[in-house]
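In: model the following, please.
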Amino acid sequence: MVELDVKIGSKELYDFMLMHHYNSPGGIMGSALGAVCILVALSNHQWIFLILGVILLLYLPWTLYLKSKQQSVTNASFKESLHYILDDDGITISQGEVTEHQSWDQMVKAVSTGRSIIVYTSKVNATIFPKAQLGDQKANVIAMISTHMPPRKVKIRN
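Out: The predicted structure follows:
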């Protein structure tokens, strides 16, 4: 069993949003289209494509940054720490008097970024474990996830 407290702030939320959107078909298509526009502009000297490409490449990160800032301020669940218990049954999350449990077989996938370990509980919802806040529990969290989820669902790098 692993037990820990985590506070999700705008940086952790932004990291999750970037990873989530840039690994989605829309994020990949937007980035590819922006890069193609810049290449067309450089090869044909049509500067309108350069402007369009830069807008396409910068729009998503900027809007995600603003959205993460806004959510971290307005969403009540980000104001206080979340208490996590990872055990053989799944992940239990509690905050104040509210408790939720998600069993391991309901988890969609587990991935990591440079800043976080993310366990998807649905295609769009996830549990975020910021690496900076895990301390010496990081290896235990990774071991617990890797032990209880099928290897094809776990893509965590150290």
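In: buried set for stretch 119-128?
Out: Buried positions in stretch 119-128, judged by neighbour count with 16 or more other CB atoms under 10 Å: 119, 120, 121, 126, 127, 128. C-beta here means a position set from N, CA and C on the backbone, and glycine is covered the same way.
In: okay, and which of these map to strands?
Out: With strands taken from DSSP state E, the overlap with the buried residues of stretch 119-128 comprises 119, 120, 126, 127, 128.
In: can I get the residues you listed in JSON lines including pLDDT?
Out: As requested, these are exported to JSON lines (pLDDT from 0 to 100):
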{"residue": "119", "pLDDT": "96"}
{"residue": "120", "pLDDT": "95"}
{"residue": "126", "pLDDT": "92"}
{"residue": "127", "pLDDT": "92"}
{"residue": "128", "pLDDT": "94"}
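In: wait, which of the buried residues of stretch 119-128 is closest to residue 152?
Out: Nearest to residue 152 among the buried residues of stretch 119-128: residue 120, at 13.5 Å, using CB to CB.
In: mind checking how far residue 40 is from residue 59?
Out: 18 Å (CB to CB, to the nearest Å).
In: neighbour count: the two, which is higher?
Out: The residue with more neighbours, out of residue 40 and residue 59, is residue 40; 16 against 12, by other CB atoms under 10 Å.
In: so where do the helices sit in the chain?
Out: Applying DSSP state H to the chain gives helices spanning 10-22, 25-44, 47-74, 131-134, 138-148.
In: closest to residue 103 out of these?
Out: The closest of those to residue 103 is helix 138-148. By CB to CB, the value is 9.2 Å.
In: pull the CA atoms of the closest one into PDB?
Out: Listed next in PDB are the C-alpha coordinates belonging to helix 138-148 (Å, rounded to 0.1, in the frame of the first residue of the first chain):
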ATOM      1  CA  LYS A 138       7.900   7.700  -6.600                       C
ATOM      2  CA  ALA A 139       9.400   4.200  -7.100                       C
ATOM      3  CA  ASN A 140       6.600   2.700  -4.900                       C
ATOM      4  CA  VAL A 141       3.900   4.500  -7.000                       C
ATOM      5  CA  ILE A 142       5.400   3.300 -10.300                       C
ATOM      6  CA  ALA A 143       5.700  -0.300  -8.900                       C
ATOM      7  CA  MET A 144       2.100  -0.300  -7.700                       C
ATOM      8  CA  ILE A 145       0.800   0.900 -11.100                       C
ATOM      9  CA  SER A 146       3.000  -1.500 -13.000                       C
ATOM     10  CA  THR A 147       2.100  -4.400 -10.800                       C
ATOM     11  CA  HIS A 148      -1.700  -3.900 -11.100                       C
END
